[in-house]
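In: coordinates for the following, if possible.
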Amino acid sequence: MVNQNFNDVFTTTLASRSKYLHDNMSKNSALLSRLKEKGKMRPISGGSKILEELEYGEGDLVWYNGYDTISYQPKQLFTAAEYALKLCAVPVAISGEELLMNSGNEQIMDLLEKRVSNAEKTLVNKMSAAVYGDGTGSSGKEIGGLALLVADDPTSGTVGGINRATTGNEFWRNQSVSGDITKSNITEKMNKLYYKCSRGGDKPDLIVCDDTLYSIYDSSLMDLQRFSDPKMADAGFTSLKFKGADVIYDGGQGGYCPENHMYFLNTDYIYLRTHKDRDMKIIGGDRMAVNQDALYRIIGWAGNLTMSNAALQGVLIKTVAEESNGGSDVTNEGSTETGSTEAGSTETGGTNGGSDEGGSDEGGSQEGGN
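Out: Predicted coordinates:
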């Protein structure tokens, strides 16, 4: 039987580290860091689905004078996206033999620290990777990340229970621009996507990219155009600026942004929804293996990454121009702007005329990319 005093220390130590784990996860991801900063990590208390209300239509305005009839035709102006609750856990285990070999108080605490530290790194790294996923990992049990919410092809697939391919659901499609991106044209491409993702005061405030596109953008800037955000630098992220938005590098070793991708995000409409009872917390009490001399604890998390406006999000994809077709038109049914604008370049996306839950920040300065 494992020492009961150690059981208490084990549990207390893990419980005290849950807030540190939560903070460390946001520090390891530029997107999660921004969501935390803007108060977009919203807890949920229960339910089989996570709901995000969407306002996608407009009512009728009637111009009149005198005794004209003011008519009203009922319309469906609201709907809701439904996201599944996703769960993950990291077990922390120590065998009875290890306890016997580290029987001194200091040795036990050192052993415990190593186990907990490893569990923290595992959870943080796996969650940071899942933020960029499409939700199909682990047989569909992972959260739906940017590859799902801000898809390469926004005219297909189902997000939050809404089929993007269905006519009438164009409002639920993100913007997408692809082409052969070089130092000489990256600013033009970024401008194009930035404007497609803008609506009045709503503009992208965070741009995350892999090392390829970050390097191309960095090399395209003159010294006088190269600005960075001290707050992002203090948080440990390498950043530049583009029209007031932070351009964050999340590639290379330990980076998770998909290769040749640059995401333009309006984080007023993206949320990390976490269950209040499963936010990096210990699941259950003492766990002894039935047929093993070992002690287990499980750190668990439950929730999902959600979105309430797709049309204000976008992705820029670097592809190799196909010389054989000379940039022939590509048409996707229902998209507001399709086809080739230059050799090897295509654009798709949805309408962004409706307002959704969230808020807009004032437009930033025009630094690094006019």
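In: all strands for the stretch 101-250 of the chain, in order.
Out: Taking DSSP state E, counting those that start in this stretch as the test, the strands found in the stretch 101-250 of the chain are 158-159, 162-163, 175-179, 206-209, 239-242, 245-249.
In: any idea which of these gets closest to Gly66?
Out: Distance to Gly66, taken as Cβ to Cβ, is lowest for strand 162-163 among the strands of the stretch 101-250 of the chain, at 43.2 Å. Where C-beta positions appear, they are placed from N, C-alpha and C, glycine not excepted.
In: where are the low-confidence patches of this structure?
Out: Within the chain, the ranges that satisfy pLDDT under 70 run 1-27, 57, 103-106, 108-109, 223-238, 252-254, 285-286, 321-346, 351-370.
In: what packs against the lengthiest helix in the chain?
Out: Across the chain, the longest stretch assigned as helix under DSSP state H is helix 105-130. Here helix 105-130 touches helix 4-16, helix 18-27, strand 86-95, helix 96-101, strand 294-307, going by 3 or more Cβ pairs under 8 Å, 6 or more residues apart in numbering; DSSP states H and E.
In: can you give me the buried ones in the shortest one?
Out: Residues of helix 96-101 classed as buried under the neighbour-count rule (16 or more other Cβ atoms under 10 Å) are Gly96, Glu98, Leu99.
In: how about the strands in the stretch 251-370 of the chain?
Out: Under DSSP E, counting those that start in this stretch, the stretch 251-370 of the chain gives strands at 261-265, 270-282, 287-288, 294-307, 314-318, 340-342, 345-348.
In: which one of these is the most hemmed in?
Out: Neighbour counts (mean count of other Cβ atoms under 10 Å) averaged over each of these peak at strand 261-265, with a mean of 27.
In: which residues are in contact with it?
Out: 31, 146, 150, 175, 190, 193-194, 197, 204-210, 213-214, 217, 245, 257, 313-318 (Cβ atoms under 8 Å, 6 or more residues apart in numbering).
In: the same query, at a cut-off of 7 Å, please.
Out: Contact with strand 261-265 is made by 31, 146, 150, 193-194, 197, 204, 206-210, 213, 313-317, as judged by Cβ atoms under 7 Å, 6 or more residues apart in numbering.
In: pull out the buried residues from these.
Out: 31, 146, 150, 193-194, 197, 204, 206-210, 213, 313-317.
In: got TSV for the buried residues of helix 96-101, with distance to Leu87 too?
Out: Below are those laid out as TSV (distance: Cβ to Cβ, whole Å):
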residue	distance to Leu87
Gly96	29
Glu98	28
Leu99	29
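In: which one of those residues is nearest to Ala89?
Out: Lowest distance from Ala89 to the buried residues of helix 96-101 (Cβ to Cβ) belongs to Glu98, with 21.3 Å.
In: wouldn't the closest one be in contact with Lys114 here?
Out: No. At 10.4 Å, Glu98 does not count as touching Lys114 under the criterion of Cβ atoms under 7 Å.
In: picking up where we left off before, buried residues in the longest helix of the chain, which are they?
Out: Those would be 108, 111-112, 115-116, 119-120, 123-124, 126-130, for helix 105-130 by 16+ other Cβ under 10 Å.
In: Val159: which of those is nearest?
Out: In terms of Cβ to Cβ, no member of the buried residues of helix 105-130 lies closer to Val159 than Ala130, at 15.7 Å.
In: check contacts around the closest one.
Out: Residues in contact with Ala130 (Cβ under 7 Å, 6+ apart) are Gly137, Glu142, Ile143, Gly145.
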